[in-house]
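K.L.:
have a look; sequence and predicted model below, questions after that.
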Amino acid sequence: MKNILKAGIAVVVLASAMTVAGCSSSPSDGELAQLESLKSEVASLEKAVDAKKAEKADLEKQIAAKQAELAQAQKDQDATRERLKSQQ
């Protein structure tokens, strides 16, 4: 995920450098097309980052649920052991 973010930042920096370097009165059609391409790539990378963040949050919820389930199972096991000890 950090690699995607770094790539997005690199693209934005590159686009900014190209814009500053081409300080003519107006950018060429090729430069505009390249800039639009970079913008769409950045937007795509940002969507991928958001999707990964949502996936991470979902996985964290699943982990919390499993941990709660495990804790309850441990409590049940302990209670069963105590009942067995008291019956003997």
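P.N.:
Right, received. Where do you want to start? Numbers count the residues shown, from 1 in each chain.

K.L.:
check the offset of the lengthiest helix in the chain from the chain's centre.
P.N.:
Secondary structure of the chain per DSSP state H: the longest helix is helix 29-87. With CA atoms, centre = their mean, to the nearest Å as the basis, helix 29-87 stands 10 Å off its chain's centre.

K.L.:
could I have the CA atoms of the helix or strand of the chain with the lowest mean pLDDT written out in PDB?
P.N.:
Ranked by mean pLDDT, DSSP states H and E, the helix or strand of the chain with the weakest confidence is helix 2-21, at a mean of 70. Only the C-alpha atoms of helix 2-21 are listed here, as PDB (Å, rounded to 0.1, in the frame of the first residue of the first chain):
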ATOM      1  CA  LYS A   2       2.900   2.400   0.800                       C
ATOM      2  CA  ASN A   3       4.400   1.600  -2.600                       C
ATOM      3  CA  ILE A   4       1.100   2.700  -4.300                       C
ATOM      4  CA  LEU A   5       1.100   5.900  -2.300                       C
ATOM      5  CA  LYS A   6       4.700   6.600  -3.100                       C
ATOM      6  CA  ALA A   7       4.100   5.900  -6.800                       C
ATOM      7  CA  GLY A   8       1.200   8.400  -6.700                       C
ATOM      8  CA  ILE A   9       3.300  11.000  -5.100                       C
ATOM      9  CA  ALA A  10       6.000  10.400  -7.600                       C
ATOM     10  CA  VAL A  11       3.500  10.900 -10.500                       C
ATOM     11  CA  VAL A  12       2.300  14.200  -9.000                       C
ATOM     12  CA  VAL A  13       5.800  15.400  -8.500                       C
ATOM     13  CA  LEU A  14       6.700  14.400 -12.100                       C
ATOM     14  CA  ALA A  15       3.600  16.200 -13.400                       C
ATOM     15  CA  SER A  16       4.400  19.300 -11.400                       C
ATOM     16  CA  ALA A  17       8.100  19.300 -12.600                       C
ATOM     17  CA  MET A  18       6.900  18.900 -16.200                       C
ATOM     18  CA  THR A  19       4.500  21.800 -15.800                       C
ATOM     19  CA  VAL A  20       7.200  24.100 -14.300                       C
ATOM     20  CA  ALA A  21       9.800  23.000 -16.800                       C
END
